[in-house]
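Asker: Quick one, fold the following:
(one chain, ligands or ions: 1)
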Amino acid sequence: MSIRLRLTAWYTGILFVTLLAFSSAVYGFVHLYTYEELKQRIVNQVDKVAFGTNGFEIVPSKDSADRLEAADLYMQNYSFHNGQIWRSDNMIYSGLQFEVPSTNNIAKANNAFTRVHLNGSTFLVYQTAFTDSNKLVLWLQVGANTRTIEQTLDRLQSILIMGSAATLVIASTLGLFLARKSMKPIGKVTEAADLIQKGTDLSVRIEYDGPEDEIGQLIGTFNGMLERTEGFYKELEDAYAAQRRFVSDASHELRTPLTTIRGNVDLLQKMWTEAPGERANMDEETMKQISAEAVGDISDEAKRMSRLVSDMLSLARADTGQTFERDPVPLQLLVEEVARRAQFLEKTAEWHVGELSVLNGVYVEGNKDYLQQMLFIFIENAFKYTPEGEVSLDVVLYRGQVGIRIADTGIGMDKDEVPFIFERFYRADQSRGVTSGTGLGLSIAKWIIDEHKGSVEVVTRRGEGSTFIIWLPTIFAPPLE
Ligand code: ADP
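Answerer: Numbering: from 1, shown residues only. Predicted coordinates for the structure are as follows:
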């Protein structure tokens, strides 16, 4: 049984019980009140009845009889003396006569009401005895036809039953409609969940413009959950795609040096294992020269491979979420050491180092080795991509951040290449095949900067040079100048 049917059944049931109790109370009250009022009217009239004589008989006076008749009451008088029965005119006219109780029942019936059925009507009759010196004289019976009251009560009963039935029907129909309306959004939740379960479309959202009630909250939560799940799924998908790209790029990058190495090894093998007679026309000197070149190639490629492998390892470690120990690092010492060691790098451009004393007392929370590695990546690149001109390093402090600027006057880049240079294996067109490199350096540098909660700014123009500013948050205020 669905919730909406159950809900409707419940409140229809409750309404039924309430209506039953209410109708019974109304009916009971009206019934009691009307009959009490009639009884009161009869007793009042009986109290006022006066008697006179009719020959030898004692009968109600004409006045009393008239008054009772006017009040729509019927009066009968029984004389114990001679057994004569006197009836009011309306009784005679309607052919009515009340039964007189037997002497044994007189005591029980005295001063009490009884119901009498005569000629198809019901009468409420009050009976009272008149005595003289403890001797029964008269038995007075005054009754009223209860037809009007009964009709009114019957009508009230019908109205209550019909009204209650109509209310029940209307309430249950409306209830079912309301229950269906309020349960409709839940149906939508089920539909959406079903859609997701059957397919992979996580972009489904439940449309709801109702109030922020329990259902509104449920839908809000469900949509929020979908949003987060979609976000996670997208992240996962992106990460998976990146991983696949990385693996395919890595295998491609590794294949090139391997092919060169294998080619050279084959050449050497062929050259030195062939019998002297079968060798091509080559003297010893030429063979040695070719061998030296081949070994040189092998060594270069092996170096390139080991650099590639170590870069890939760093990134793989970064991908697993591995992080490093952090301590407050004094920046002046660190940058000075990097600047000193940079002058020994292979280079064709001049090396300029600006004033580093502003870094005195400036610390960053981080890892010294990784910070150095990151700076070397930028400096090596600057040298690599600056065939002539100069490469400079200087520092600046700004709003709790230190900016380390590495500028060169080298080949620069196109503006639209900048967004990609931090991607793995990306190498700008003009670098490919011209300078050696793996395309992984800046990805590693970016990861190190991110881990230090820093950022990097790039300004570059093709043919004019590039400037990289690495911003890192400092942990102590710089000294006042
Ligand atoms: P690579 O091993 O190729 O240097 P990187 O990740 O360090 O790999 O750099 C990615 C690409 O960004 C480089 O191939 C090069 O095209 C460009 N690049 C990086 N630094 C510079 C620079 N100082 N001047 C010009 N181009 C640069």
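Asker: what about the helices in the stretch 351-481 of the chain?
Answerer: Using DSSP state H, counting those that start in this stretch, the helices of the stretch 351-481 of the chain run over 368-384, 441-451.
Asker: number of nearby residues for the closest residue to the ligand within the stretch 151-300 of the chain?
Answerer: Proximity of the stretch 151-300 of the chain to the ligand (Cβ to the nearest ligand atom) peaks at residue 253, 10.3 Å away. From N, CA and C alone the C-beta is placed, and that goes for glycine too. Neighbour count for residue 253, taken as other Cβ atoms under 10 Å: 20.
Asker: can you check the one 4 residues further on too?
Answerer: Other residues lying near residue 257 total 20 when counted by other Cβ under 10 Å.
Asker: wait, what's in contact with the closest residue to it other than its chain neighbours?
Answerer: Distances taken as Cβ to Cβ, 6 or more residues apart in numbering put residue 301 closest to residue 257, at 3.8 Å, once the chain neighbours are dropped. Counting by Cβ atoms under 8 Å, 6 or more residues apart in numbering, residue 301 touches 257-258, 260-261.
Asker: Not counting its neighbours along the chain, what's nearest the residue of the stretch 1-150 of the chain found nearest the ligand?
Answerer: Closest residue of the stretch 1-150 of the chain to the ligand, Cβ to the nearest ligand atom: residue 3 (60.2 Å). For residue 3, ignoring the flanking residues on the chain, the nearest one in space by Cβ to Cβ, 6+ apart is residue 183 at 6.2 Å.
Asker: mind showing which ranges of this protein have poor pLDDT?
Answerer: By pLDDT under 70, the low-scoring segments of the chain are 276-280, 429-434, 476-481.
Asker: quick one, longest helix in it?
Answerer: When the chain is parsed with DSSP state H, its longest helix is helix 214-273.
Asker: that older thread, could you check the angle helix 214-273 makes with the helix or strand hosting the residue nearest to residue 3?
Answerer: Assigned by DSSP states H and E, residue 183 belongs to helix 147-198. Going by axes from the mean of the first three to the mean of the last three Cα atoms, to 10 degrees, helix 147-198 is angled at 10 degrees with respect to helix 214-273.
Asker: Alongside the ligand, which residues does this structure contribute?
Answerer: Contacts of the chain with the ligand, taken as Cβ under 6 Å from any ligand atom, map to 381-382, 385, 408, 410-413, 421, 426-428, 431, 437-443, 466.
Asker: Among those, which are located in strands?
Answerer: With DSSP state E as the criterion, strands contain 408, 466 from among the residues of the chain next to the ligand.
Asker: any idea how far the ligand is from the residue nearest to residue 257?
Answerer: 15 Å (Cβ to the nearest ligand atom, to the nearest Å).
Asker: circling back to that earlier point, please tabulate the helices of the stretch 351-481 of the chain in JSON lines and include mean neighbour count as additional columns.
Answerer: Formatted as JSON lines, those follow (neighbours: other Cβ atoms under 10 Å):
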{"stretch": "helix 368-384", "mean neighbour count": "21"}
{"stretch": "helix 441-451", "mean neighbour count": "21"}
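Asker: could you dump those helices to JSON lines with distance to residue 157?
Answerer: Formatted as JSON lines, those follow (distance: least, Cβ to Cβ, whole Å):
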{"stretch": "helix 368-384", "distance to residue 157": "93"}
{"stretch": "helix 441-451", "distance to residue 157": "84"}
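Asker: of these, which approaches residue 270 most closely?
Answerer: With distances scored as Cβ to Cβ, the stretch of the helices of the stretch 351-481 of the chain nearest to residue 270 is helix 368-384 (35.2 Å).
Asker: Next, the angle from that closest one to helix 441-451.
Answerer: Using the same axes, to 10 degrees: helix 368-384 against helix 441-451 is 140 degrees.
Asker: Using PDB, write down the CA coordinates of helix 368-384.
Answerer: The C-alpha coordinates for helix 368-384 follow below in PDB (Å, rounded to 0.1, in the frame of the first residue of the first chain):
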ATOM      1  CA  LYS A 368      64.500  23.500   1.700                       C
ATOM      2  CA  ASP A 369      65.400  20.700  -0.800                       C
ATOM      3  CA  TYR A 370      62.200  21.000  -2.700                       C
ATOM      4  CA  LEU A 371      62.400  24.800  -2.800                       C
ATOM      5  CA  GLN A 372      65.900  24.600  -4.200                       C
ATOM      6  CA  GLN A 373      64.800  22.000  -6.800                       C
ATOM      7  CA  MET A 374      62.000  24.300  -7.800                       C
ATOM      8  CA  LEU A 375      64.300  27.400  -8.200                       C
ATOM      9  CA  PHE A 376      66.800  25.300 -10.200                       C
ATOM     10  CA  ILE A 377      64.100  24.200 -12.600                       C
ATOM     11  CA  PHE A 378      63.300  27.900 -13.500                       C
ATOM     12  CA  ILE A 379      67.000  28.900 -13.600                       C
ATOM     13  CA  GLU A 380      67.900  25.900 -15.800                       C
ATOM     14  CA  ASN A 381      65.100  26.700 -18.200                       C
ATOM     15  CA  ALA A 382      66.100  30.300 -18.300                       C
ATOM     16  CA  PHE A 383      69.600  29.300 -19.300                       C
ATOM     17  CA  LYS A 384      68.400  26.600 -21.700                       C
END
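Asker: Name the residues that touch it?
Answerer: Residues from elsewhere that reach helix 368-384, judged by Cβ under 8 Å, 6+ apart: 324, 327, 329, 334-335, 337-338, 341-342, 345-349, 364, 391, 393, 404, 406-408, 410, 435-437, 441-442, 444-445, 448-449, 451-452, 466, 468, 470.
Asker: now do stretch 61-79
Answerer: So stretch 61-79 is contacted by 41-42, 45, 48-52, 57-60, 84-91, 94, 96-98, 100, 123, 137-145 (Cβ under 8 Å, 6+ apart).
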